[in-house]
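1. Model the structure of this input:
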Amino acid sequence: MMRLVYLSPVPWNSFAQRPHQFVRWFHQQFNAKVLWIDPYPTRFPEMSDVQRVVASKFAQTPTVVGTVKDKENPEIADWLTLVKVPALPIEPLPASGFLQQWFWRKAMAEIDEFVGNTKAQIVVGKPSKLALQVLARYPEMASMYDAMDDFPAFYEGLSSKAMEHTEGKLAARVNKIVISSSAVSRFSAQADKLSLILNACDSDNLPPALPRSEQPPVYGYVGTIGHWFDWDAVVKLASSLINTDPRALVRLIGPVFTPPPCALPKNVQILPACSHARAMQAMQKFSVGLIPFKRKLLTASVDPIKYYEYRSLGIPVLSSDFGEMSLRANEDGVFLYNGESDFTTLLKTCLRYRSSEDGLSKFRTDNSWAARFAGLIPLFDAGADHRGRRKSTARLEQFAWQRA
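-> I've put the predicted structure just below:
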């Protein structure tokens, strides 16, 4: 039986995202056992972290992937082992790998026990010094980096520079790199390692697409509202609606980490974060799905999952022309805007759009996680014979931190 060591960018106990979908697919495809390593802080703490802790109380409970109970998490499957890694928030410091290794001894021992001498793979979902140490510990094991976000762009100052350095070392060490957007350019030196695997959605568990309501239109957004969120565009959109359709609403659902810079028009509603299931129910009532993101470094390599969810529900998408969305101008049900766009005309065009039943069914099939990850099978088949032979010399044990 194949085994997978997965260093995740998100905790297991969070709403189901690409990492959760990936490990479940990997288990089903290869009958594999998975060791999931929860992330730890890879930047210095900020005041905004307090907001995130509060917002996390509203997060969805994890998707059920099995039935075997666990003391800490009642929804752990028998093929899944969870590892939580204690760490100080000092990752950007040059010597932090040496300081942290004392906290990581137990985690390393768990990895050793899990891997043994089996066929195994390492997949890294987020660059970290722990990931570099795990790769150094198993130099013969097949490895992959799933670069689903531009992690250095999330940070600032020393934290950003340190993450950029760590990601560069990670990219040089792994056998394969998967990117989630065709706009990614920072791995040009590893072009021979790259594979494009776009995002998708959980098509099998989506609610049905409902007939478009004749009630007042709702222009909706579900997701985090951070510094990448284009408040100016939302205000412009809402203001144009007041003049053309005063019944219409702009409904924003999710945690607000970057508040609006001005007073919002009266037709803008802000609702708190909710579970993914309730979010999907809210989307069913949208007339148009919004993705109002700024064009910046952080969004240049983003393929938003909400695009797939909106379209899988038959909802037209009104988006800024950022990242992967900028390449979808001619796709069915997609309407892009820029700084010079006339929202009055765009909004009327969006409202007139209707999905065909056949087109909707095809979109769900083509953009399921299973269909998307099928492109990874050759990568893992090629590395299936790599066994977990650990470098166990005293020198490696003593100086592993130097390589991280």
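2. list the contacts for the nearest residue to P265 once chain neighbours are set aside?
-> Sequence neighbours aside, A238 is the residue nearest to P265 in space, at 4.1 Å (criterion: CB to CB, 6 or more residues apart in numbering). The C-beta positions use only the backbone N, C-alpha and C, and glycine is treated the same way. Taking CB atoms under 8 Å, 6 or more residues apart in numbering as the contact definition, A238 lies against V250, L264, P265, N267, V268.
3. The same query, at a cut-off of 6 Å, please.
-> The contact partners of A238, taken as CB atoms under 6 Å, 6 or more residues apart in numbering, are V250, P265, N267, V268.
4. Please compute how far stretch 168-176 lies from its chain's middle.
-> In terms of CA atoms, centre = their mean, to the nearest Å, the centre of stretch 168-176 is found 20 Å from the chain centre.
5. Point out where the stretch 51-200 of the chain drops to low pLDDT.
-> For the stretch 51-200 of the chain, the stretches with pLDDT under 70 are 51-75.
6. Which helix in the chain has the most residues?
-> Under DSSP state H, the helix in the chain containing the largest number of residues is helix 157-173.
7. Checking the residue nearest to P265 next. Helix, strand or coil?
-> Secondary structure state of A238, per DSSP: H, G, I helix; E, B strand; the rest coil, is helix.
8. and Q133, how many neighbours?
-> Q133 has 20 neighbouring residues, counting by other CB atoms under 10 Å.
9. Helix or strand: which one has it?
-> Element membership for Q133, per DSSP states H and E: helix 129-137.
10. swap in I122?
-> Assessed by DSSP H and E, I122 sits inside strand 120-124.
11. Once you drop chain neighbours, what's closest to H27?
-> W79 (5.1 Å).
12. Equivalent analysis for K285, please.
-> That would be V218: by CB to CB, 6+ apart, it lies 5.9 Å from K285.
13. From A153, how far off is the one you found?
-> For V218, the distance to A153 (CB to CB, to the nearest Å) stands at 31 Å.
14. Where do the helices of the stretch 201-350 of the chain begin and end?
-> Along the stretch 201-350 of the chain, counting by DSSP state H, counting those that start in this stretch, helices occupy 231-244, 276-283, 305-312, 343-352.
15. To R43, which of those helices lies closest?
-> R43 sits nearest to helix 305-312 of all the helices of the stretch 201-350 of the chain, at 23.4 Å, using CB to CB.
16. now the angle between helix 157-173 and the helix holding Q133, please.
-> For helix 129-137 against helix 157-173, the angle by axes from the mean of the first three to the mean of the last three CA atoms, to 10 degrees is 20 degrees.
17. And the next helix or strand past helix 129-137?
-> Counting by DSSP H and E, what follows helix 129-137 is strand 142-147.
18. so what strands line up beside that next one?
-> Sheet pairing of strand 142-147 (DSSP bridges) gives strand 120-124 (parallel), strand 176-179 (parallel).
19. Now mean neighbour count too, for these, in JSON lines please.
-> Formatted as JSON lines, the strands paired with strand 142-147 follow (neighbours: other CB atoms under 10 Å):
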{"stretch": "strand 120-124", "mean neighbour count": "27"}
{"stretch": "strand 176-179", "mean neighbour count": "21"}
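20. I'd like those as CSV, with distance to T244 appended.
-> What follows is the strands paired with strand 142-147, written out as CSV (distance: least, CB to CB, whole Å):
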stretch, distance to T244
strand 120-124, 49
strand 176-179, 40
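21. so which of these gets nearest H165?
-> Judging the strands paired with strand 142-147 by CB to CB, what sits closest to H165 is strand 120-124, at 15.2 Å.
22. Can you tell me what sits against the closest one?
-> With contacts defined as CB under 6 Å, 6+ apart, strand 120-124 is touched by 3-7, 131, 141-145, 383, 388.
23. Including distance to Y353, could those go into CSV?
-> Shown next, in CSV, are these (distance: CB to CB, whole Å):
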residue, distance to Y353
R3, 47
L4, 41
V5, 45
Y6, 39
L7, 41
A131, 43
M141, 48
A142, 45
S143, 44
M144, 38
Y145, 38
G383, 44
G388, 52
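24. Which of those residues lies at the shortest distance from S356?
-> So of the contacts of strand 120-124, ranked by how close each gets to S356 (CB to CB), first place is M144, at 37.5 Å.
25. surely the closest one meets K176?
-> Yes - contact criterion CB atoms under 6 Å: M144 and K176 qualify, at 4.4 Å.
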